[in-house]
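Novice: Sequence and computational prediction follow.
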Amino acid sequence: MHQSRHLLRTLAAGSSSSHRLAASRAIASTGHRRHYAEGVTASPSEQLNSREDASGLSEGWLWVDSVFPVRLGTWDLRSYIGYAREETLLERLRTLLSRVKAHDFQVVSLEPHGKDGGVFVKFKYNAQDRDGALQSILQDLRKSVHSHGGVPSWCGLPTGEVWLVKGKPWREDMDRYATPILKVAFEGPDVPEESLYSLLRPYGVITTVNFRRLRSATTARNAIHAIQVPISPNGQTVTTLRTSYQKPIAAHAVRDYVTSHPKLFLPVLFFLIGTVTYTIFDPIRVLMVEGKMEDWFDYRQSAVYKWLRKNTLDRFSFTSTNSEAVKLGSEGVWKERQDAEEALEKYLTDLPNTICFIHGPQGSGKTRMLSNLLKEQGRKAMIIDVGELLKAGSDSALVSGLANQTGYWPVFSFLNSVNNLIDLASVGVIGQKAGLSSSLDDQLKQILDVVGKGLSRVNVSHRNQRERLVKEAQLKEVRAKEDEALREKIEQGLWHDGRIDALCGNGVMSELGVGVERFTYADADVRQSSPVQEENANEKEHAEEDQKRLEEAKQQQQRADEVQNIESMPVVIIKNFDSKGGGARKEELLNVLAQWAASLADGQVAHVIVVSDNRENVKRIARALPSKPLNQISLSDADNASAISFVQQKLKDSGVDVKFTQQQLAYIDRLGGRASDLESLIHKVRSGLTVEEAVDDIVVRGVSELRKNAFGDDIEDAKNLPWTREQAWILMKQLSKQPEISYHDVLMDFPFKGDEMPLRNMEHAELISIGTINGRPSTIRPGKPVYKYVFERLVQDPTFQATQDIAFNEKVIASSNATVQACETELVTLKDVDAGTSSWLGSNSAVEARASYLLKKMRAAQRKIDALERENAQLKKVLAKTKI
């Protein structure tokens, strides 16, 4: 007894005698389809397919393929087209099949099976010889269908065929869709390959493993499912075949080749990736940089937005749009600023052979001067803010920030991390790095190189635009001169238009239609009169003068064109050069920016302006451009007279006419000429405050800012500062008493003890300003002129002063105690040395001298401790009174 089992075999020509489960695939066959199954005994199958009903008629099943689209998956939308035409197709199919009357053939029902694209047809017939009758009915059906246009199809192409179902119809609706591979499972003994091939071959050409056509696989599956194939000659032993689809296993030839030849494939792949990057993305990035400079993507520059704003918001705005900001360097006000503006304007109107370096303390008006001048000249600038870039927390964030400021897009900053992983993997696979990862320096250079190309395109486009406008202006001028000359000729009666003859009639002219062409000066009628001859003589006399004037005008035009070309060049502004923070990334960024700025100046691509708060940063730019001197522009605080004139001028322009008293002038003098503080004073006076109240408000605000920035909000915040509270306090205490102090005296004394970093950090934070002589630090002054009075106000606060003095004294006491303990330890050691070397000549005097020195040092330290302890006791009393 044979048990049911499911086996998988491969159907192959010339295979071994071992029988396995067969999987077959269909091949496209457009020629004649072979219909034969001579080698298959179909009697048991026909017994399944042919049954008798109560009336004595036999029943059978047909399969009609290609009526509907074969559904390839849930996403296949063609099935909905078949559903829409289902009734029409089934009606036409019933009509075609009903034409056959052989053996009392009757169509009982049509059952569509849309997933496999066909229809099961149940029919009845009457015949004694069932095998012959079924074959006769099948042949008649095929002839009838083909003679009437073929099987109706969803797409209108009659490609279907009628097949006799030898097994049992199985109309399942599971999510298993048709594939070219047909899986056959045996229930019973194995079927010989010859029998299986003869059974499947009529439905389509079979390759070594698969059917070639999907249609053949669906037909075979629905026609032979559950067929019983006899194994023994007597037909008593049969095997039932169960068919289903199997998903094809895709060959991975490319993957296998890549994994087998990584040393050959990976370099080629990386080369192709790099080629695609440079050939596709770089031109897009250059275009995006040009678009950022030309404001292509700024909706505020579009004509539609400007029209809407002009006709909507501006109509309801009460602010004056025609009033211009007063220049800081107006005549008679702040002569130093006027000189700086003239130097910057001169640089912008000349070829960019070098770099302009503007330096000055914060609040000195560098940014305002630049923006006002660029606005007046109508120049477009690309601004790179180093301070914002250095706030980035990672290399990828820094690269993205630079790309955002320059318009470099698309940027794939995250790919560098992926490339690092690929390099690590390639080391394990091919033994060396793939070379995809790049350092921060290389990434910044790549971005700036593309930006440089974009700026070059902007320069060329501006130049072409200028030339086009100049040519249009010249052409317009020539046409105006021609029209004026023509008007004069007409007024003098010297011009005759021949086109009038064609209209009014003038013999041959009227008949031939001559005179409709354009007339020139050569066609004008010249009257022979003495005034005209005299005029021609005068013209000859003045010909040389006109020629000279023409040459001079041409030279002036050339100079004007050169100036216009220079003014149309883009401007690159690098702000906050050598800003605070950044660490190692800061050095790389500044070096790359310096080299890039030098390349722009050498190539005369753009005017480059570097803005810095410290003059020492010019050394980095000078190293990048060693062959040419830099154009340095220095901005400083205004003197007292310039500051007062500036404030008066600004208040007068705003409609506030004031005359300062001596006390008010003294208060203005406290601001020291710092532009930001003067602007704040002007704003407060406009708001209704007096000069005294405005200056006091600035000082109070400075005290609050200083307490937070110099001492921190609390102890935890103070630990994050790059200096200690004691270091900040001793400086402010000394600077409140005198305008400047010695740099080296502060550096050598407690609490600095030779450490320059806290002083440098406080200078970067604008708390102090370090003056230099011959390039070395010399003096220390407040970071802003108003800070002197801020320091005084801070020191005069009794509570804050007592708190800081106590903390400072405690540090000094701790240092003195350490000195006393060190001296005591050394004195004990000297006692042992004296006892062991007392017999040596002169040893007692050396030990006594050292001991005397230590005792003096201990005495001085102890006196300092006693004095500071008494001072702390008094300060604590002050704090106690304050609490009460």
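Specialist: In hand now; what should we look at?
Novice: okay, CA-based contacts and neighbour counts for the rest of this
Specialist: Noted.
Novice: tell me the contacts of T239?
Specialist: With contacts defined as C-alpha atoms under 8 Å, 6 or more residues apart in numbering, T239 is in contact with F186, E187, G188, P189, D190, V191, Q228, V229, P230, I231.
Novice: export these to TSV and tack on pLDDT, neighbour count and distance to T724?
Specialist: Formatted as TSV, the contacts of T239 follow (pLDDT from 0 to 100; neighbours: other C-alpha atoms under 10 Å; distance: C-alpha to C-alpha, whole Å):
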residue	pLDDT	neighbour count	distance to T724
F186	83	25	89
E187	84	20	91
G188	82	20	94
P189	83	19	95
D190	81	21	93
V191	81	20	95
Q228	84	27	97
V229	83	27	98
P230	83	22	101
I231	78	18	101
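Novice: Now D602. Nearest residue, chain neighbours left out?
Specialist: Spatially, and ignoring its direct neighbours in sequence, D602 is nearest to N353 (6.1 Å; C-alpha to C-alpha, 6 or more residues apart in numbering).
Novice: Specify the local secondary structure of Q228.
Specialist: strand (DSSP: H, G, I helix; E, B strand; the rest coil).
Novice: doesn't D190 fall inside a helix?
Specialist: No - counting by three-state DSSP, D190 falls outside a helix, being coil.
Novice: Can you give me the pLDDT of the residue nearest to D602?
Specialist: Note on N353: pLDDT of 89.
Novice: Off-centre distance for the helix or strand harbouring L196?
Specialist: Per DSSP states H and E: L196 is located in helix 193-200. The chain centroid and the centroid of helix 193-200 are separated by 64 Å under C-alpha atoms, centre = their mean, to the nearest Å.
Novice: I768 and E187, how far apart?
Specialist: As for I768, its distance to E187 is 97 Å (criterion: C-alpha to C-alpha, to the nearest Å).
Novice: before we move on, back to that, residues near the residue nearest to D602, how many?
Specialist: Neighbourhood size, N353 [other C-alpha atoms under 10 Å]: 21.
Novice: just the helices in the stretch 301-450 of the chain please.
Specialist: 303-311, 335-348, 366-377, 386-389, 395-406, 415-430, 440-492 (DSSP state H, counting those that start in this stretch).
Novice: Considering the contacts of T239, which is situated nearest to L747?
Specialist: Using C-alpha to C-alpha, F186 is the member of these that sits closest to L747, with 98.3 Å.
Novice: Name the SS class of the nearest residue to that closest one once chain neighbours are set aside, please.
Specialist: What sits nearest to F186 in space, not counting adjacent residues and going by C-alpha to C-alpha, 6+ apart, is L241, at 5.1 Å. Following three-state DSSP, we place L241 in the strand state.
Novice: Surely L241 touches H225?
Specialist: Yes - counting by C-alpha atoms under 8 Å, L241 does reach H225; the two are 6.2 Å apart.
Novice: Now do the strands in the stretch 551-700 of the chain.
Specialist: 571-575, 607-612, 631-634 (DSSP state E, counting those that start in this stretch).
Novice: just those strands: most buried one?
Specialist: strand 607-612 (a mean of 25; mean count of other C-alpha atoms under 10 Å).
Novice: what helices or strands is that strand leaning on?
Specialist: For strand 607-612, the packing partners by 3 or more C-alpha pairs under 8 Å, 6 or more residues apart in numbering; DSSP states H and E come out as strand 356-359, strand 571-575, helix 584-602.
Novice: With distance to V276 and mean pLDDT added, can I get these in a markdown table?
Specialist: Shown next, in a markdown table, are the helices and strands packed on strand 607-612 (distance: least, C-alpha to C-alpha, whole Å; pLDDT from 0 to 100):
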| stretch | distance to V276 | mean pLDDT |
| --- | --- | --- |
| strand 356-359 | 38 | 92 |
| strand 571-575 | 30 | 95 |
| helix 584-602 | 25 | 91 |
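Novice: Dump those into CSV; add distance to V399 as well.
Specialist: Shown next, in CSV, are the helices and strands packed on strand 607-612 (distance: least, C-alpha to C-alpha, whole Å):
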stretch, distance to V399
strand 356-359, 25
strand 571-575, 16
helix 584-602, 10
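Novice: ok, and which of those has the densest surroundings?
Specialist: strand 356-359 (a mean of 24).
Novice: Pull up the pairing partners for that strand, direction included.
Specialist: strand 607-612 (parallel), strand 631-634 (parallel) (DSSP bridges).
Novice: Mean pLDDT lowest where, among those strands?
Specialist: Across these, the lowest-scoring stretch is strand 631-634, with a mean of 89.
Novice: Residues contacting that strand, please?
Specialist: So strand 631-634 is in contact with A340, A343, L344, Y347, T354, I355, C356, F357, I358, H359, G360, going by C-alpha under 8 Å, 6+ apart.
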